[in-house]
Every structure is written in structure tokens, then in C-alpha cells.
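Peer 1: Give me the fold of what follows.
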Amino acid sequence: MEAVEYGSVIKFLYLKGQNSTEIHQEMVQVYAEKCPNYSTVTHWVRKFKSGFLSVMDEQCKGRPPSVVTEKNVSTVEKLIMQDRRITVKQLAF
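Peer 2: Presented below is the predicted three-dimensional model:
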């Protein structure tokens, strides 16, 4: 299972009123060795208690996840075709 799926199960059991220990015990019975560890369960429960009820990861601020765009690729390709001796350092600026 993926983290989102585990998070959904933990959220469901938390909203039913179970605590971290009860949730983890129930997940161990169902998922056996594929169950997330107790600290992961407590992490999710803490998030839910603080009011954060989404199980999806939020987009982090800062650098974009990828800088590979059609515009960047074409720009770099054009620069390389103009000067095949251009360095990576020069391309970075």
C-alpha cells in the first residue's frame, strides 16, 4: 500500500474515536508485516488532532519540483547549437 492509503485508514479509525495504539493494533491484525510502524501511526494521528485532515502531500514552497520544460530544453539546445564549446557553468546562468 501507499502512504496515502495508510493515511486514509488511519484517518478513518481516528475519526471513529480510536487512539494511536488501538489504530496500530488493528492495522497489524489486518496488514501484518506490511503495516506502518507505530511512530508513523502516531505522526498521522498528531496531524489529524491538529486539524490537518488531508492525507495528500502538500506542495512544498521553494524550488519547483522540475525545471525541465519545453522552453528550457529549446533554449539550452539553441545555445549548444550556437556554441558547441559552451560549458555547463555558462548554461546555468
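
Peer 1: any chance you could map the helices in this structure?
Peer 2: Assigned by DSSP state H, the chain shows helices spanning 3-15, 20-31, 38-49, 70-82, 88-92.

Peer 1: Can I get those in a markdown table including distance to residue 56 and mean neighbour count?
Peer 2: To be clear about C-beta, it is placed using only N, CA and C from the backbone, and glycine gets the same treatment. Shown next, in a markdown table, are the helices of the chain (distance: least, Cβ to Cβ, whole Å; neighbours: other Cβ atoms under 10 Å):
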| stretch | distance to residue 56 | mean neighbour count |
| --- | --- | --- |
| helix 3-15 | 6 | 17 |
| helix 20-31 | 19 | 16 |
| helix 38-49 | 12 | 16 |
| helix 70-82 | 27 | 10 |
| helix 88-92 | 33 | 8 |
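
Peer 1: Quick one: end-to-end length of stretch 28-39, please.
Peer 2: Using Cα to Cα, to the nearest Å, the end-to-end distance of stretch 28-39 comes out at 13 Å.

Peer 1: which outside residues touch it?
Peer 2: With contact meaning Cβ atoms under 8 Å, 6 or more residues apart in numbering, stretch 28-39 is reached by 1, 6, 20, 21, 24, 27.

Peer 1: Please give me every residue in contact with residue 76.
Peer 2: Taking Cβ under 8 Å, 6+ apart, one finds residue 91 in contact with residue 76.

Peer 1: How much space separates it from residue 18?
Peer 2: In this view, residue 76 and residue 18 are 53 Å apart by Cβ to Cβ, to the nearest Å.

Peer 1: quick one on the thing from earlier: between which two of the contacts of stretch 28-39 is the distance greatest?
Peer 2: 1 and 21 (20.5 Å; Cβ to Cβ).
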